[in-house]
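Enquirer: One predicted model, sequence on top.
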Amino acid sequence: MKKSSCWPKLLSSSPLLLVTGGAGFIGSNFIRYTLARRPLWRILNLDALTYAGNLANFDDLSAQDRERHRFIHGDIRDLACLRRLFEQDEISAVIHFAAESHVDRSILGPEAFVDTNVLGTFRLLEAARAYWEGKGRPAAFRFLHVSTDEVYGSLGPQGRFCEDSPYDPSSPYSASKASSDHFVRAYFRTYGLPTIITNCSNNYGPYQFPEKLIPLMIMNIIEKKPLPVYGDGQNIRDWLYVLDHCQALLSVLEAGTPGETYNIGGGAERSNINIVHKLCDLLDSRLGRSGADSSYHLIRFVPDRPGHDRRYAIDSSKIQRELGWRPEHDFEHALAATVDWYLQHLDWVEAVRSGEYRRWISLNYQKRDEWCRGGEAPG
Ligand code: NAD
Ligand code: TYD
């Protein structure tokens, strides 16, 4: 049965959310989505603006929404900064997105993942706990930790991850997220901090940094660059449109139960090669390419990602049953809308591709060339 949305009334009529990592892909979509649907809510957006965080993601905020959104340039590892933030404002809830989020980067440089995802989450929990205890442990306070299905590891051809699937992470990224999940759960059990964890499948949509599969392939097709498909291209992900994820997070924040975990998935399982073919079709029709000029000719199978999880699939029946959430966007339509968004926002892509981005792209794909020539793959 669907629970009513009671959370904001418990603490304040105009709640103030502390959103960490709000300048990234999902965080910025969440902020835009929430400001539009909750006209009295205010948001503090704490972000370190790494390569993945971009204030250009807020260029289209209306003047009214701008007044309810305050950006703070800061790092979740900086406990003094976090304490100052909690001291200055009456915070109703924390929505924790800030993370290093790219698996390939975690393979080539794992330490940043331990630093931000584990230590940063721990510091944020400490600051939130001190604030919450200082306020007399208000029951309405929430610490919503945004995590990933990758903590559960890899599936064979059958089955889906549910909330009690054992943790079995394969990459430094998923190991660091698993570790942060354990800390969040421990703070509920040990201190009673009202934490909730969500584990979500792969997102796609506007403002995704062009290093992840879908935006990388879209941009490479547009620019007629090779399309690097890892391994045999048969790895499967369960794709969710980012605005469906935002709606799920809002439902969990407003009606979820502290101490609980909610799995969120799109029910749209696709192999990587299937996604690449679809993107070639969508862009060929929009760019008037066919025959010898078709983008299919750009596809290259490259050496596999070490520790590459074969399949992810999410059982979302708990959040559907308890909170009444379900994905509203159909995969084919939302993928086409995403392609159109990138075609209409080439200036945004240009703005977020820093020198660091170019260095990363050449390092990641040059490593694959080296593995191909017989060099050792890490792991
Ligand atoms: P992203 O990489 O696009 O954004 C991460 C944001 O965090 C950036 O704005 C970055 O500047 C900020 N950040 C990084 N380190 C920081 C630090 N030390 N202090 C403060 N800010 C910092 O990531 P995303 O794809 O938007 O993912 C957001 C969250 O959702 C992550 O926790 C990720 O694990 C989780 N998640 C992502 C997906 C997905 O498909 N993208 C799926 C499930 C869960
Ligand atoms: P990615 O978008 O990095 O998300 P995740 O690894 O967190 O699922 O990758 C999605 C899938 O696409 C994954 O199986 C790896 C694959 N992939 C490629 O085949 N080529 C690429 O260039 C990238 C970035 C990913």
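Expert: Thanks, I have the structure now. Ligands and ions are numbered 1, 2, ... in the order given.
Enquirer: other SSEs contacting the helix or strand hosting residue 129?
Expert: Assigned by DSSP states H and E, residue 129 belongs to helix 121-134. On a contact count with 3 or more Cβ pairs under 8 Å, 6 or more residues apart in numbering; DSSP states H and E, helix 121-134 meets helix 79-88, strand 93-96, strand 142-148, helix 172-191. In short, each C-beta sits where N, CA and C put it, glycine included.
Enquirer: do stretch 312-331 and ligand 1 meet at all?
Expert: No. If you take Cβ under 6 Å from any ligand atom as the test, stretch 312-331 misses ligand 1, and the best it gets is 9.9 Å.
Enquirer: what's the span of that stretch from first residue to last?
Expert: This stretch, stretch 312-331, spans 16 Å end to end (Cα to Cα, to the nearest Å).
Enquirer: just so I have it, where are all the strands in the stretch 201-350 of the chain?
Expert: Using DSSP state E, counting those that start in this stretch, the strands of the stretch 201-350 of the chain run over 203-204, 227-230, 236-238, 240-241, 261-264, 269-271, 299-302.
Enquirer: I'd like the mean pLDDT over stretch 122-137, please.
Expert: The average pLDDT for stretch 122-137 rounds to 98.
Enquirer: whoops, I mixed them up, stretch 198-212
Expert: 98.
Enquirer: what's the offset of that stretch from the middle of its chain?
Expert: 5 Å (Cα atoms, centre = their mean, to the nearest Å).
Enquirer: List, one by one, the residues from the stretch 201-350 of the chain near ligand 1.
Expert: Counting by Cβ under 6 Å from any ligand atom, the residues of the stretch 201-350 of the chain that sit close to ligand 1 are 202-203, 209.
Enquirer: Can you tell me how far the closest residue to ligand 2 within the stretch 251-379 of the chain is from residue 229?
Expert: Using Cβ to the nearest ligand atom, residue 272 is the residue of the stretch 251-379 of the chain that sits closest to ligand 2, at 4.5 Å. Distance, residue 272 to residue 229, by Cβ to Cβ, to the nearest Å: 6 Å.
Enquirer: Could you list the buried residues of stretch 162-169?
Expert: 165, 169 (16 or more other Cβ atoms under 10 Å).
Enquirer: ok so, going back, quick one: residues in contact with the helix holding residue 129.
Expert: 20, 76-79, 82-83, 85-87, 91, 94, 96, 98, 138, 141, 143, 145, 180, 183-184, 187, 191, 193-195 (Cβ atoms under 8 Å, 6 or more residues apart in numbering).
Enquirer: which of these count as buried?
Expert: Buried, going by 16+ other Cβ under 10 Å: 20, 76-78, 82, 85-86, 91, 94, 96, 98, 141, 143, 145, 180, 183-184, 187, 193-195, out of the contacts of helix 121-134.
Enquirer: Low-confidence bits of this protein, can you list those?
Expert: Under the criterion pLDDT under 70, the flagged ranges of the chain are 1-12, 372, 374-379.
Enquirer: Up against ligand 2, what does it have?
Expert: Counting by Cβ under 6 Å from any ligand atom, the chain sits next to ligand 2 at 103, 202, 212-213, 216, 228-230, 235, 237, 272, 305.
Enquirer: wait, which of the residues you listed is closest to ligand 1?
Expert: Using Cβ to the nearest ligand atom, the residues of the chain next to ligand 2 come closest to ligand 1 at residue 202, 4.5 Å.
Enquirer: dump the residue contacts of the closest residue to the closest one other than its chain neighbours.
Expert: Nearest in space to residue 202, with sequence neighbours left out and distances taken as Cβ to Cβ, 6 or more residues apart in numbering, is residue 237 at 4.4 Å. Contact analysis of residue 237 by Cβ under 8 Å, 6+ apart lists 201-202, 213, 269-270, 272, 311-312.
Enquirer: Could you check stretch 325-342 and say which residues are buried?
Expert: Applying 16+ other Cβ under 10 Å to stretch 325-342 flags 325, 327, 329, 331, 334-336, 338-339, 341-342 as buried.
Enquirer: hey, where'd the strands end up in the stretch 1-150 of the chain?
Expert: 16-20, 42-47, 69-73, 93-96, 142-148.
Enquirer: What lies in contact with the first one?
Expert: When you say that, I think you mean strand 16-20. 27, 30-31, 34, 41-47, 76, 85-86, 89-98, 124.
Enquirer: 7 Å instead?
Expert: Here strand 16-20 makes contact (Cβ atoms under 7 Å, 6 or more residues apart in numbering) with 27, 30-31, 41-46, 76, 85, 89-98, 124.
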